[in-house]
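Q: below: sequence and its predicted model.
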Amino acid sequence: MSGGPPAAPRPQVRLSTGVALAQTGPTGIMMCFSVDYELLGPPTGTASEFVWFIRRSHGSPDVLARPVALAARGTLQTTIPEWRPEEGPFETWIETVSGSRRRSGKWARDSLSLDRPPRPW
């Protein structure tokens, strides 16, 4: 006999078209990030159930973690003034959260390397 009703299926997120772009801002160079996503499964409607992560590989081991609300599909964008282009390559993923953190699918499916476009000449 089970201890309660089965858990509802957790939606998965497919990421595509991820970009890390250096921009000049009021305090110097900063990094802007953008990634397109598609929600595979029923949207839950609460921002606290999804967290968007961006990790830089060089420099500090910091990871940006930001709660986000997801529609059926869309684009997430953010700017991190403290990060620099030389701290890449960058990686992004989205996790579903329920009590304790867990990934919303297989690593290869919901993790995306963010390309840095070539510097202008």
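A: On my side now, so go ahead. Numbers count the residues shown, from 1 in each chain.
Q: use CA for all of it now, contacts and neighbours both
A: OK.
Q: show me the helices in this protein, by range?
A: Assigned by DSSP state H, the helices in the chain fall at 107-110.
Q: how much space between the closest residue to residue 35 other than its chain neighbours and residue 28?
A: Distance criterion C-alpha to C-alpha, 6 or more residues apart in numbering; nearest residue to residue 35, sequence neighbours excluded, is residue 18 at 4.2 Å. Going from residue 18 to residue 28 by C-alpha to C-alpha, to the nearest Å gives 23 Å.
Q: swap in residue 90?
A: Applying C-alpha to C-alpha, the value for residue 90 to residue 28 is 20 Å.
Q: so the two - more neighbours on which side?
A: Under the criterion of other C-alpha atoms under 10 Å, the comparison of residue 90 against residue 28 puts residue 90 first, with 22 against 10.
Q: what's the per-residue pLDDT of the more buried one here?
A: pLDDT, residue 90: 90.
Q: so in terms of bridging, what pairs with it?
A: For residue 90, the residues forming beta bridges with it (DSSP bridges) are residue 56, residue 114.
Q: residue contacts, it?
A: 20, 54-57, 113-115 (C-alpha atoms under 8 Å, 6 or more residues apart in numbering).
Q: what's the burial count for residue 87?
A: Using other C-alpha under 10 Å, residue 87 is surrounded by 15 other residues.
Q: please apply the same query to residue 82.
A: 10.
Q: residue 38 too?
A: Neighbours of residue 38 under the rule other C-alpha under 10 Å: 16.
Q: then residue 79?
A: 15.
Q: my read: it touches residue 32, true?
A: Yes - between residue 79 and residue 32 there is a contact under C-alpha atoms under 8 Å: 4.3 Å.
Q: quick one: the strands in the protein?
A: 12-25, 28-40, 50-56, 63-67, 73-80, 90-98, 100-103, 111-114 (DSSP state E).
Q: what's the least confident stretch among those?
A: strand 100-103 (a mean of 49).
Q: please consider this matter closed, and thank you.
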